[in-house]
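# Can you look at this prediction? I've put the sequence above it.
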Amino acid sequence: MKRIYAFLIFIFLLFADRLCAQKVFSGTVKDSVSGKAVPFASLKILDKDHHIIQTEISKENGTFLIPVKEDITNLQLLVTSSEFGSRTVRIKADQTDFGILLLNRETSIKEVVINLKKPLIRNKIDGLVYDIQADPESRSKNAIEMMKKLPYLSADANENILFKGNTNFKILINGKETQLLNTNAKEVLKSIPASTIQNIEIITNPSSKYDAEGASGVINIITTKKMNDGYNASVNFGAKFPKQEENIGFSLNMKHKKLGISAYGGGFLRNNPKIDNHNHQNTASIRLQQDGRTSNKGNGGYFNANVSYEIDSLQLLNVQLGSNLSNSKSHDILDSYFYQQNALLENNNSNNHSESKGKGFEASANYQIGFKHDKSQLLTLSYKFNSYDYDINAVSDIQNRITNVSNRIDQHNANRNSEHTFQIDFVKNIKKITFETGLKAILRKNSSNYISVPDNGNNSDEFVNRQNIYGAYGSAKFSLFNWNFQTGLRAESTATDVNFTSTNTAVDQNYFNWIPNISIGKTWKDNHSISFGFSQRIKRPGIIRLNPFVNQSNPYFEISGNPYLKSVVNNDIMTSYSYNKKVNLNVGLSYSFSNKIDLRVSTYDPVTHITKTTFENSSKASRVGLDYYFNYPVTKKLNLSINGNAAMFFISGKVNESTVENNLFTYYMYLSASYQFENSWTVSSNLEINSKMPAGLQSTTNAYIGSSFRVSKSILANKIYFSAFINNPFNTYRKSVTETFGGTFEQNNYSRDYYRSFGFNVTYKFGKLKDEIKSTQRKINNNDLAN
């Protein structure tokens, strides 16, 4: 890998002198009234025929740098902002510095309704940005429903979001990591209405400034903020039946002079009726049949607040506080029939009750310093603390109906997690190159105190995991021959110390990683673009994978973590093509591969007849995938889109010294159609097709087809959005099948869950603001854990 990075440096130095054949346009975009910076304004360099030569976006302090070839003349600069309209500036032959560009706010004497088709997708060198507000379906859907139709994203049957078919990725809100998305992402995303989201950034090749974790990439959800002195807010409520699901949420933005406050929060209730499940396992001479019914309910809530204070034009202080909690209860009754040579040996009845509680807290502070002599130069100092406690209490009453012997197992598992993070980031433009560098330290302590009664001697202990991560990075962004380059290198050192109190034993793991990254992109006239990239990422095992606590709620199955797990390095090679005009087309091809992955391994013990499942670094996997997205506005009212992927998975590993393979071709399609009527009514429908999928080294899940129909209406000048929907009207239930195989056994697990559902969503938006709340350009994002 050192040779690869040395080669990249050589190529850069070889052509560095060619940068002199370019010129760089610079300046600052500001509000003509308040004199404040206008962030995220769109800047386009146009030739004499109004073809796009180069594009860029102003930074949060309003500054911009746009490199172009020296020999191109007769150029214009087009500056566009959603709040300020647009401005065109003719570029003089020897002009490179625009100084301050003032934009006027758009005002009108009377209300004017403007219907413009904004482009849905804006390409970046390391990914793309999807404009949620430009999609009419955003008015009636929540965040998770919108994400299903976005490029590179998909969902499984349980509405868990996947990034290029993978669960290992990171979700940020306004560029910041928040703990609640690490612990309960699905429920939080359901409670966020898409109408409060400005756009979603999909980063397929994260630069070196991001932590090395997150094999698939990063999703950054940017919420709508139109900030004047005053406030704006939104509240929303949604419900779904017959599985009782209720979501409530709110967002609030306030600003007074230099002080800005933004907050969001929500809650959810779940009360799922009983569902049937069946499990069949076969070995050479043994047959196990289990039939049961399961019900569960739960609730939770979250709150996050961000306070920003502009000390002066060069100093910005940002503080964030957040908390979340969740509770769940489940009850299942399980009848087990154990046969040997077709003779019934055991007939057990299990009555299981479990309860779990979680609560988290987070606090962070960011101090950003600008410099008068160089407005492109920024220094940011950051600190973050978060903690999360998770307790599980389970009781299992097991009765053997043949011997009439009863057995009771009480299990308690208390998890405590805390984390301190220190970070410093520095950004500077040197001529035509943007340099970024930084240092970071993460200090973690994870513990688990688990007790089983009766104690079998190996399932009661206190487990403490201390992990310190030290990182440094450097990256450069520049243009050469009208191609854009972004390259960098990140170094991370990890020290892990694991202790078991009862046995007084310790496990130490220390390792060091060099993580290279490179992205190359080019945009041609008529909105064609292409990109290439290579990156390495790390997946470190989280507390769920590490915790040695053994779940014994099922008398024939035991599930536990593995405290001896090691990190996994993932390699990703990718290329993409896009065309964004009236038609939006995005196609991405990627190849990723990893060795010694920490996948679940299940083994059958012929003596005890118990199947034990844990995680082991004994597998390797690769994926060749094609991701595609197509959007076509057939008319001004009718819009069609399709998002999907096709991939070949190659998974192999060792189970009891035998090689097991799980190679599978998969596909996913999400088709969407919407029609807008003149009177602000909208109807839409979706069709979702998902193939059989690998669920690890030894398991697969069955295919499914889903459909939904929705009608929505906006009233009171688009302040209130109401929608009603029905999902899967043609199927009352869905049969979920998980097949698990090993060298000595085969197992099929079936469950029948409610599939048809109906419900509604209501969102109310109110308030008005002028100046956008500022946020530091660098924040702490710990993207380094996977559970």
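Sure thing, it's come through. Numbers count the residues shown, from 1 in each chain.

# so what strands line up beside the helix or strand containing residue 232?
Under the assignment given by DSSP states H and E, the secondary-structure element containing residue 232 is strand 230-241. The sheet places strand 230-241 alongside strand 244-256 (antiparallel), strand 757-768 (antiparallel), with pairing taken from DSSP bridges.

# Mind putting those into a markdown table with distance to residue 587, mean neighbour count and mean pLDDT?
C-betas here are computed from N, CA, C, even on glycine. As requested, the strands paired with strand 230-241 are exported to a markdown table (distance: least, Cβ to Cβ, whole Å; neighbours: other Cβ atoms under 10 Å; pLDDT from 0 to 100):
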| stretch | distance to residue 587 | mean neighbour count | mean pLDDT |
| --- | --- | --- | --- |
| strand 244-256 | 34 | 19 | 90 |
| strand 757-768 | 32 | 17 | 90 |
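
# Now render these as TSV, adding distance to residue 449.
Below are the strands paired with strand 230-241 laid out as TSV (distance: least, Cβ to Cβ, whole Å):
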stretch	distance to residue 449
strand 244-256	33
strand 757-768	39
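
# just the helices in the stretch 451-600 of the chain please.
Along the stretch 451-600 of the chain, the segments classed as helices by DSSP state H, counting those that start in this stretch run 543-546.

# Tell me what residue 767 is bridged to.
Beta-bridge pairing for residue 767 (DSSP bridges): residue 232.

# Tell me which residues touch it, please.
Residues counted as contacts of residue 767 (Cβ atoms under 8 Å, 6 or more residues apart in numbering) are 230, 231, 232, 233, 253.

# ok, and the most crowded of those residues?
In terms of neighbours by other Cβ atoms under 10 Å, the contacts of residue 767 top out with residue 253 at 25 neighbours.

# hmm, back to that, distance from the strand holding residue 232 to the middle of the chain?
Centroid separation between strand 230-241 and its chain, computed with Cα atoms, centre = their mean, to the nearest Å, is 22 Å.

# Any stretches of the stretch 1-150 of the chain with poor pLDDT?
Residues of the stretch 1-150 of the chain that meet the criterion pLDDT under 70 lie in 1-22, 33-34, 49-52, 69-72, 82-85, 105-118.

# Please, where are all the helices along it?
For the stretch 1-150 of the chain, applying DSSP H, counting those that start in this stretch gives helices covering 2-15, 143-147.

# one step back: between which two of the contacts of residue 767 is the distance greatest?
The two members of the contacts of residue 767 with the most space between them (Cβ to Cβ) are 230 and 233, at 10.6 Å.

# Just the CA trace of the strand holding residue 232, in CSV.
Output for strand 230-241, consisting of C-alpha atoms alone and laid out as CSV, is shown next (Å, rounded to 0.1, in the frame of the first residue of the first chain):
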residue,chain,number,x,y,z
GLY,A,230,-37.0,35.5,14.5
TYR,A,231,-37.9,31.8,14.3
ASN,A,232,-39.3,29.1,12.1
ALA,A,233,-40.5,25.7,13.2
SER,A,234,-42.3,22.6,12.1
VAL,A,235,-44.3,19.8,13.9
ASN,A,236,-45.3,16.5,12.4
PHE,A,237,-47.3,13.4,13.4
GLY,A,238,-47.8,10.1,11.7
ALA,A,239,-49.5,6.8,12.4
LYS,A,240,-49.6,3.4,10.8
PHE,A,241,-51.9,0.4,11.4
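
# List the contacts of it.
Counting contacts by Cβ under 8 Å, 6+ apart, the residues outside strand 230-241 that touch it are 142, 190-191, 193, 195-196, 226, 245-255, 757-770.

# One more: stretch 88-108?
For stretch 88-108, the external contacting residues (Cβ under 8 Å, 6+ apart) are 23-33, 38, 41, 45, 73, 75-79, 81, 83-85, 87, 770.
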